[in-house]
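Next one to model:
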Amino acid sequence: MVARVALLVYPGFHILDLSVLTILGIANHFAPGSYAVDIVSMRGGNIETRSGVPIGTQAIDDTPYDTLLVASTPAVPTPCPGLLDRLRQAERDSRRIAGICTAAFLLAEAGLLDGRAVTTHWSFADALATRFPQLRVQPDQIYVRDGKFWSSAGMTAGIDMVLGLVESDLGHEVTRAICKTMVLSHRRPGGTSQFSVLAEIDPKQERIQRVLGFIRENLREPLTIQQLADQVNWSARHFSRTFQAETGLSPAKAIEKLRVQAAQSLMESGHSTPSRIAVQTGFGDDERMRRAFARVLGESPQKILRDIRTRKQA
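Numbers count the residues shown, from 1 in each chain. Down below sits the predicted model:
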C-alpha cells in the first residue's frame with residue numbers, strides 16, 4: 001500500500017528541508033510504490049523559502065496523510081493562519097508527524113508534544129525548553145522519536161530522521177541502499193550526539209588532524225603513543241606535547257572519547273551485543289568500556305541501552 005507523505009511548508013522555510021524528499025524518491029526505486037509525496041502549504045501556490053527561491057506547493061486538504069513532515073526556518077517560526085489547527089487535525093488523522101529542527105516550536109505550540117521527548121537544533125534547545133517547560137527537550141540528539149512524533153536537530157539531521165522513518169517502514173537493507181546511492185557513509189542513529197568528538201577537538205595543525213583520522217579508522221587497535229607519533233614522523237614526547245596543546249586533551253583521553261562515541265553509535269544501531277561492541281571499538285572488554293562511559297558520559301552502557309530500547313518501543 002502506498003503511504004502518502006506531505007512536506008508542509010510555509011513562508012521563509014529552510015530550502016535544505018526539501019532534501020528529505022530525495023530519500024523518499026530513492027526509497028521508491030528500491031521498494032517501488034512505497035511513497036507518494038506532496039509539497040503542501042496552507043493555501044497552495046508558490047511559497048518563498050528563506051533563500052528567496054519560490055517553491056510550488058498545493059493546498060493541504062482534509063485527506064489524511066500517513067506521514068506529515070513539517071519544515072523548519074532558520075529562526076523560531078511564527079505560525080501562519082490555520083497552521084496550528086491543521087497540525088492538531090494531523091494528530092488525529094496521521095500515523096506519524098515529524099518536525100524538522102525549529103518545527104518543534106510549531107508542534108509544541110499546537111499542544112502536540114506535552115510530556116514528550118523532543119529535540120531541535122542545539123542553539124534553540126534552551127529557548128524551546130524555556131518556552132515549553134512541559135516538554136522533555138533532548139538537546140544533544142540528532143533526532144528523537146516519542147510515539148507517533150519525531151523531531152530532529154537542524155541542517156542535515158532532518159535527512160537522518162527521514163532515513164529513520166524509512167528504515168522503520170522498509171527495513172535496514174533499503175536504508176543502506178539509499179545511503180550508498182546518496183554517498184552517505186551511514187545512517188546516523190537518533191541518539192547520536194549533535195556534536196562529534198572530532199568537531200569538539202578541532203586542531204589547527206594538519207598533522208594532528210591526520211592522526212585523529214588514523215585513530216578513528218583504527219579504534220580496534222591498541223594505538224600506542226609511539227604508533228601515533230610515527231604517523232607524523234615525530235618523537236613520542238614531541239607528539240604528546242603538541243597533541244595536548246592543539247586539542248586540550250592527552251592522546252589517551254582523545255582516544256577514549258572517540259571510542260565512546262563509536263560504541264554509542266553502534267548501540268543505537270542495534271546491530272551488535274555490548275561485548276562485541278567493546279571489542280570492535282578497542283575497549284577489549286565490558287568492564288573497560290563501562291569505566292570509560294562513566295568518565296565521558298556519566299552513564300553506564302547498560303543504562304544507555306535501556307534508554308535506547310525504551311525510546312524505540314515508544
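
Would you mind measuring the gap between the ends of stretch 91-98?
Stretch 91-98 has an end-to-end distance of 11 Å (criterion: CA to CA, to the nearest Å).

May I see the buried residues of the helix or strand where residue 244 lies?
Element membership for residue 244, per DSSP states H and E: helix 236-247. Buried residues in helix 236-247, defined by neighbour count with 16 or more other CB atoms under 10 Å: 239, 240, 242, 243, 246, 247. Any C-beta I mention is one placed from the backbone N, CA and C, and that applies to glycine too.

can you tell me how far the fourth one sits from residue 216?
To tie it back to what came earlier, the one meant is residue 243. Using CB to CB, to the nearest Å, residue 243 is found at 15 Å from residue 216.

Which stretches in this protein count as helices?
19-30, 83-93, 103-109, 125-131, 157-170, 172-181, 197-201, 206-217, 225-230, 236-247, 251-269, 274-280, 286-296, 301-313 (DSSP state H).

Out of these, flag the one nearest residue 41.
Nearest to residue 41, of all the helices of the chain, is helix 83-93, at 9.2 Å by CB to CB.

got the contact list for the closest one?
With contact meaning CB atoms under 8 Å, 6 or more residues apart in numbering, helix 83-93 is reached by 8, 10, 42, 60, 62, 64-65, 68, 70, 97, 106-107, 109-112, 148.

cool, and stretch 218-226?
Stretch 218-226 is contacted from outside by 215, 227, 236, 239-240, 251, 255, 258-259, 262, 279-282, using CB under 8 Å, 6+ apart.

Please name whichever of those scores lowest on pLDDT.
Least confident of the contacts of stretch 218-226 in the model: residue 262, at 87.

so that one makes contact with residue 283?
No. Contact criterion CB atoms under 8 Å: residue 262 and residue 283 do not qualify, at 9.9 Å.

which one of those two has more residues nearby?
Taking neighbours as other CB atoms under 10 Å, residue 262 and residue 283 compare with residue 283 leading, 26 against 19.

so that one touches residue 296, yeah?
No. With contact defined as CB under 8 Å, residue 283 does not count as touching residue 296 (11.7 Å).

So, low pLDDT: which residues of the stretch 51-200 of the chain?
Counting by pLDDT under 70, the ranges of the stretch 51-200 of the chain that qualify are 185-199.

Find the centremost residue of the chain, please.
Closest to where the C-alpha atoms of the chain average out (CA atoms, centre = their mean) is residue 142, at 2.7 Å.

Could you check how far that one is from residue 71?
Counting by CB to CB, the gap between residue 142 and residue 71 amounts to 17 Å.

Got a PyMOL select line for the buried ones in the contacts of stretch 218-226?
Filtering these down to the buried ones (16+ other CB under 10 Å) takes a single PyMOL command:
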select buried, resi 215+239+240+251+255+258+259+262+281+282
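
Going by residue numbers, what spans are strands in the stretch 1-150 of the chain?
Here the stretch 1-150 of the chain has its strands, by DSSP state E, counting those that start in this stretch, at 3-8, 35-41, 45-48, 54-59, 67-70, 96-99, 117-118, 136-137, 143-146, 149-152.

Can you lay out those strands as a markdown table showing mean neighbour count and distance to residue 269?
Converted to a markdown table, those look like this (neighbours: other CB atoms under 10 Å; distance: least, CB to CB, whole Å):
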| stretch | mean neighbour count | distance to residue 269 |
| --- | --- | --- |
| strand 3-8 | 22 | 24 |
| strand 35-41 | 19 | 23 |
| strand 45-48 | 14 | 36 |
| strand 54-59 | 14 | 34 |
| strand 67-70 | 26 | 22 |
| strand 96-99 | 25 | 20 |
| strand 117-118 | 24 | 19 |
| strand 136-137 | 20 | 23 |
| strand 143-146 | 23 | 14 |
| strand 149-152 | 28 | 17 |
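
could I get those as a markdown table with distance to residue 17?
What follows is these, written out as a markdown table (distance: least, CB to CB, whole Å):
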| stretch | distance to residue 17 |
| --- | --- |
| strand 3-8 | 7 |
| strand 35-41 | 10 |
| strand 45-48 | 12 |
| strand 54-59 | 10 |
| strand 67-70 | 8 |
| strand 96-99 | 10 |
| strand 117-118 | 17 |
| strand 136-137 | 21 |
| strand 143-146 | 14 |
| strand 149-152 | 10 |
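
Good, we can wrap up now.
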